[in-house]
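[1] Show me the folded form of this:
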Amino acid sequence: MLYLDIRKKNIMSIVKTGKRGRPKKAVVETVFDPSTIKLKRGSDLKFNASLFKPMVTDTHLDIIFSTEGGVMPGTNMMIAGGPGSGKSTVVLDVLAKLTKKGFKCLFVSGEMDEIAYYKYCKRLSGIDCIQTLFLKNHSDTVKPTLEYVFEQGYDIIAIDSVAEVLTMYKDAEKATISQAETWLLDLQSKHKKGDNKSSYYTTFINIQQMTKGGDFVGSNKLKHMMEAYCYLEKSKDGLERSLYFEKNRDCDKDFKVFFSIYNGTVSYSYEFVSE
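    Numbering: from 1, shown residues only. Model (predicted):
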């Protein structure tokens, strides 16, 4: 005997029943419901004008963040680079500058605890103003913790690092890395569209490691689902650091920005790459 079980949103599952009409646990077949498909034109889409107002850092980074000059709301970006390339330092510098301008920023630290971050704040000037979540304190509840905190609404959320968050989710939820990636991407998609109680079009800066050989740590799905992908490089002698966007849907300029970290500050300069 078969019956329709409509417990899941937009999905009808056919479940085989056993004796006395009681359903078995296993779902035999999932029936696709075409009525859930909605086709739209660009003219059908409506968003608040704040989605198009850049968050300006007043550094040379603004010119590569977007054509408008600054970090655009509602964007998923990834910043990747090898160990010691300066990923966390650049991101924290950006968050600090925007926090001081009144933007609501959050740094999710999956790698550093309070002591390590305290030492970081002593080395890098001005970052102690950034609201920070130390995720190691919530490794067993990473899913509800991030979902609750993100719901409060932020202009920018930086995650350091994505690999750590995915591993925590996998361990806590007994899930696969693929399932963890899907959860994180869906969560970011929700909030970048302003679906939180304060209606913030949240921009996510996802920090990800590269191996010493220059290979991306993580699946191509995670990388390709980002609207912007930034790569940091550090010369072998350690004297030159740079960053550039391999892909950025918010910007039509192709520049490489050089930066230095000296005496607790980060300084930037840029170079035109190509037409």
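
[2] what's near enough to touch Cys251?
    Neighbour list for Cys251: Ile64, Phe65, Ser66, Thr67, Ala228, Phe245 [criterion: CB atoms under 8 Å, 6 or more residues apart in numbering]. (Glycine included, C-beta is placed from N, CA and C.)

[3] Could you report the distance from the third one to Glu164?
    For Ser66, the distance to Glu164 (CB to CB, to the nearest Å) stands at 28 Å.

[4] try the first one
    Using CB to CB, we find Ile64 at a distance of 26 Å from Glu164.

[5] and these two? which has more neighbours close in?
    Per other CB atoms under 10 Å, whichever of Ile64 and Glu164 has more neighbours is Ile64, with 24 against 21.

[6] Which residues does Met78 form beta bridges with?
    Asn206, Tyr229 (DSSP bridges).

[7] For the longest helix seen in the chain, which helices and strands make contact with it?
    Using DSSP state H to define each element, the chain has its longest helix at helix 177-192. The contact analysis (3 or more CB pairs under 8 Å, 6 or more residues apart in numbering; DSSP states H and E) places helix 177-192 against strand 76-81, helix 142-151, helix 162-173, strand 203-209, helix 220-224.

[8] Now do the third one, average pLDDT.
    Spelled out, it's helix 162-173. The predicted model assigns helix 162-173 a mean pLDDT of 95.

[9] Same check on the shortest one?
    With pLDDT averaged residue by residue, helix 220-224 scores 79.

[10] now swap in the second one and tell me
    Summarised as a single mean, pLDDT over helix 142-151 is 98.

[11] and the angle for it with helix 162-173?
    Between the axes of helix 142-151 and helix 162-173, defined by axes from the mean of the first three to the mean of the last three CA atoms, to 10 degrees, the angle is 120 degrees.

[12] all strands in the stretch 1-150 of the chain, in order from the N-terminus.
    In the stretch 1-150 of the chain, the segments counted as strands under DSSP state E, counting those that start in this stretch are 2-5, 11-17, 23-32, 76-81, 105-109, 131-134.

[13] hey, least reliable of these by pLDDT?
    strand 2-5 (a mean of 40).
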